[in-house]
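> Fold the following and give me the result.
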Amino acid sequence: MLQRAAESYFEAFKLVITYLSPVNATRLSVALNYTIFLVEFSKDHQKAIMLSRISVELAQTIIDDSAEPDKCFTREEYELLEHINFNIELWVGEEEAAARAALAAEREASGQNDASHPHSQVPS
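I've put the predicted structure just below:
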């Protein structure tokens with residue numbers, strides 16, 4: 001069932017990026033929901049971050065190129081972009097925290113955090 005959901009999200013994502021504007025609410029909603037699925041169920045933070053960043057960058061390009069950027073998107077589209085940006089920050093933070101934890105565990109396993117280790121002592 002999880003595989004079928006992943007396939008459906010991927011197909012929906014391909015359709016919206018093919019046929020809808022980068023600032024379209026449906027396209028942004030599909031991007032948001034697909035990337036949340038990638039993190040929550042597939043545990044693929046990297047892909048979710050990449051697709052989220054691409055979605056934001058493409059929307060920002062449309063906004064930047066518009067003669068009237070304030071009229072370029074609706075409140076709903078603006079809020080979706082904010083939510084996608086928030087998720088990027090959250091997921092990048094989680095990835096960095098996981099990397100720090102893995103490094104700390106690796107150091108501990110190799111004895112580098114041991115106070116008797118000469119390189120772990122702070123000079124006075």
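
> May I have stretch 16-27 as CSV, with CA atoms only?
The C-alpha coordinates for stretch 16-27 follow below in CSV (Å, rounded to 0.1, in the frame of the first residue of the first chain):
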residue,chain,number,x,y,z
VAL,A,16,1.3,19.3,-11.9
ILE,A,17,4.9,20.3,-12.9
THR,A,18,4.1,19.6,-16.5
TYR,A,19,0.8,21.4,-16.7
LEU,A,20,0.5,24.0,-14.0
SER,A,21,2.3,27.2,-13.2
PRO,A,22,4.9,27.1,-10.4
VAL,A,23,2.7,29.5,-8.4
ASN,A,24,-0.5,27.5,-8.8
ALA,A,25,-2.1,26.5,-5.5
THR,A,26,-2.8,22.9,-6.7
ARG,A,27,0.8,22.5,-7.8
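
> Just the mean pLDDT for it, thanks.
Throughout stretch 16-27, pLDDT has a mean value of 96.

> Likewise for stretch 64-73?
76.

> try stretch 94-106
On average, stretch 94-106 scores 92.

> Where does residue 98 sit, in terms of helix or strand?
Using DSSP states H and E, residue 98 falls within helix 75-109.

> Show me what that helix is packed against.
The contact analysis (3 or more CB pairs under 8 Å, 6 or more residues apart in numbering; DSSP states H and E) places helix 75-109 against helix 25-40, helix 45-65. (C-beta placed from N, C-alpha, C; glycine too.)
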